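Engineer: show me the folded form of this:
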Amino acid sequence: MNSHDLIRASLERLAERSVACWGDIDGVLDELAAASPDPALPDFSSGVAFVTFDYGIDGVSIEIAKYASCLERLLSSTGETVPVHLVAGEFTDRADRVLDAAWVRHEWPNANGWAKWDGGEWFARMFYEDMPSGSEASREIAAVIWQQGLALAHRLCEVIMNSGVELLVPVNVNSNPGNMATALAMVIGSELSGVCVLNSNHDFYWEGGSVAGEGGVRDHFFRNHANSDFFDVLTRVFPWNGGRWLQMNINARQSDTLEEKYGFDRCRLGEVGTAISDAFFRSVSVDERREKRRAMGCILAQGERQSKTVSIDEFIGSMGEWMVHQVPRLLGRVAGTELDFGHDELVYLLQPTRVVDRKRIDRDCVLIQALFTHADFVRRFEESPERQLLLHVSGPVPIEHQSVLLDVVEAFRELIESLPESFADRVFLAFSVGTEERVYIHDIYKMADLVLFPSETEGRGLPIVESCASDVPIVCSRYEPEIVFAGVIGEHLPEEQQIKYSFFPPGSFPEDLLEELTLLLFEPEACQARFTHNRGAVKSRYGTTALEGTFRRLLDQLLVDWPGGVEEKARE
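Structural biologist: Numbering: from 1, shown residues only. Purely as a prediction, here's the structure:
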């Protein structure tokens with residue numbers, strides 16, 4: 001019986017198992033954990049497969065594209081390019097903006113997460129409804145998760161066997177419980193096929209969540225913590241501590257927690273940074289920036305000659321339908337107002353994120369409202385009757401965050417209603433929802449005068465790095481975990497490697513901050529030393545060669561204790 005037949009036979013045996021509760025699933029995990037790795041050293045040049053819930057233009061997809069390009073270069077030999085495979089429950093149309101067309105795509109039906117996983121039914125029942133230990137609801141959900149996980153494992157194993165890959169890189173699948181069946185399938189599929197796994201964790205369910213339920217953004221994951229059989233399985237697969245697995249975290253705090261709280265061996269933990277492409281560092285002229293802005297104006301105009309507003313009430317009234325299609329929208333006090341994207345008097349504020357609650361985008365409107373109470377800002381704004389202000393939110397809105405979108409729009413309404421009509425008609429809110437076909441993310445940054453980033457929690461905080469590489473100042477919160485924020489800023493590093501930023505406070509905005517932002521917006525040439533410093537700090541820490549070096553070390557670390565590995569390397 002060849003290896004493929006053995007995998008299929010193992011899947012058939014699992015299908016014959018009687019699994020009716022979380023304890024039964026735990027028993028299967030015991031058996032999988034006891035399996036011994038194949039002593040033959042794996043051949044990563046056969047290809048690598050990246051696995052996630054869905055691919056789009058979100059930060060995770062963008063990071064996967066960086067990782068894939070890096071491993072493609074690192075593992076390819078002269079004249080031969082290592083195959084890159086992409087596995088997900090969904091590939092959105094916008095994913096073409098991020099993913100290389102040469103990479104092979106594999107649909108993984110029902111592997112999507114959150115509200116897109118069976119309409120969110122099982123996610124809600126585990127994390128928003130009571131599931132008492134030993135209850136009929138607990139047994140029912142466990143049985144469904146097992147059957148779905150086994151079906152997903154069948155598909156994953158077929159992808160592994162047909163592609164011949166010996167390295168999987170799941171991203172967030174086994175750290176953030178968007179789909180528990182998908183995480184279970186990743187464990188089953190990888191253990192039965194014997195492939196190696198670089199388990200990429202951008203954020204964990206326990207970051208911003210706790211049993212105490214003190215208002216953290218991920219407290220819901222602890223809703224049924226008292227159901228110990230369920231929660232034992234949850235903690236076991238998020239993430240899986242497999243013999244062929246290396247946990248690839250995006251900050252040291254995550255690694256420390258896995259070691260100190262969850263018992264992971266330090267040699268099975270590593271960190272990976274990000275990389276900033278050369279396109280971010282490329283300078284643009286005034287004319288080039290003007291053209292990039294005009295391109296965005298065309299996107300928001302949706303084929304019309306001019307970008308014109310819809311009213312706030314009109315947008316709210318059609319929000320349910322808009323969530324399904326998510327086309328670009330420009331909002332203003334009244335409908336039909338024109339915004340000239342090519343005008344040099346446009347004050348361009350950018351929030352380069354999706355619309356989700358932890359990004360706290362409504363705080364942007366509160367900051368703008370505060371600026372309009374600052375005498376120097378008001379003087380400079382009104383000195384030119386053609387001056388306009390735009391807040392541009394570039395990312396899409398996940399279906400489960402429609403209420404967050406409404407909060408942002410209502411905050412914009414409050415901003416508009418606080419201003420005199422002569423100012424209110426010159427302030428706009430744009431949602432481009434990631435539909436930009438003629439501009440890239442680095443182009444979007446270069447349109448902006450200031451990046452706003454009042455996020456509550458982040459696994460890393462890419463906008464800080466990307467804005468500084470683009471010569472655009474940023475005002476950002478000291479998000480949680482604060483040690484992660486400090487790491488991105490480089491507070492532990494020499495001064496020349498530290499990023500300079502403006503602090504987005506949790507409460508009111510002090511006058512010195514408003515004065516600082518006014519200067520950044522209207523006299524950027526006076527702040528050139530800050531821009532130059534930040535660009536140099538980012539380039540030294542986040543260049544592409546640094547990322548390749550990190551992956552090289554992680555692959556060596558993955559194989560360091562491999563049975564027979566030393567002998568195999570010696571024969572090479």
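Engineer: okay, CA-based contacts and neighbour counts for the rest of this
Structural biologist: OK.
Engineer: which stretches in the stretch 351-500 of the chain count as strands?
Structural biologist: 388-393, 427-431, 450-453, 474-476 (DSSP state E, counting those that start in this stretch).
Engineer: show residues contacting the last one.
Structural biologist: The reference is to strand 474-476. Outside of strand 474-476, the residues within contact range by Cα atoms under 8 Å, 6 or more residues apart in numbering are 450-455, 464, 467-468, 501-504.
Engineer: the closest residue to residue 511 other than its chain neighbours: what's it in contact with?
Structural biologist: Nearest residue to residue 511, sequence neighbours excluded (Cα to Cα, 6 or more residues apart in numbering): residue 374, at 7.4 Å. Contact analysis of residue 374 by Cα under 8 Å, 6+ apart lists 511, 514-515.
Engineer: can I have the buried ones of those as a PyMOL selection?
Structural biologist: To isolate the buried members of those in PyMOL, using 16 or more other Cα atoms under 10 Å:
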select buried, resi 514+515
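Engineer: hmm, residue 165 and residue 46 touching each other?
Structural biologist: Yes. Using Cα atoms under 8 Å, residue 46 is in contact with residue 165, at 5.4 Å.
Engineer: neighbour-wise, which of these two wins?
Structural biologist: residue 165 (23 against 17; other Cα atoms under 10 Å).
Engineer: list the buried ones in the host helix or strand of residue 516?
Structural biologist: When elements are assigned from DSSP states H and E, residue 516 belongs to helix 511-522. For helix 511-522, a neighbour-count test (16+ other Cα under 10 Å) marks 513-515, 517-521 as buried.
Engineer: what about the strands in the stretch 51-200 of the chain?
Structural biologist: 84-91, 104-107, 167-170, 196-201.
Engineer: quick one: these as JSON lines, columns for mean neighbour count too.
Structural biologist: Formatted as JSON lines, the strands of the stretch 51-200 of the chain follow (neighbours: other Cα atoms under 10 Å):
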{"stretch": "strand 84-91", "mean neighbour count": "22"}
{"stretch": "strand 104-107", "mean neighbour count": "16"}
{"stretch": "strand 167-170", "mean neighbour count": "25"}
{"stretch": "strand 196-201", "mean neighbour count": "26"}
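Engineer: what lies in contact with stretch 328-342?
Structural biologist: The contact list for stretch 328-342, computed with Cα under 8 Å, 6+ apart, reads 290-291, 293-294, 296-297, 299-302, 306-312, 315, 346, 388, 413, 416, 424-425, 427-433, 435.
Engineer: and it, average pLDDT?
Structural biologist: Mean pLDDT, stretch 328-342: 94.
Engineer: same check on stretch 76-86?
Structural biologist: 88.
Engineer: which other residues reach that stretch?
Structural biologist: 45-51, 68, 72-73, 75, 103-106.
Engineer: buried subset of the contacts of strand 474-476?
Structural biologist: With neighbours counted by 16+ other Cα under 10 Å, the contacts of strand 474-476 contain buried members at 450-455, 464, 467-468, 501, 504.
Engineer: between the residues you listed, which is nearest residue 113?
Structural biologist: Nearest to residue 113 out of the buried ones among the contacts of strand 474-476 is residue 455 (Cα to Cα; 22.1 Å).
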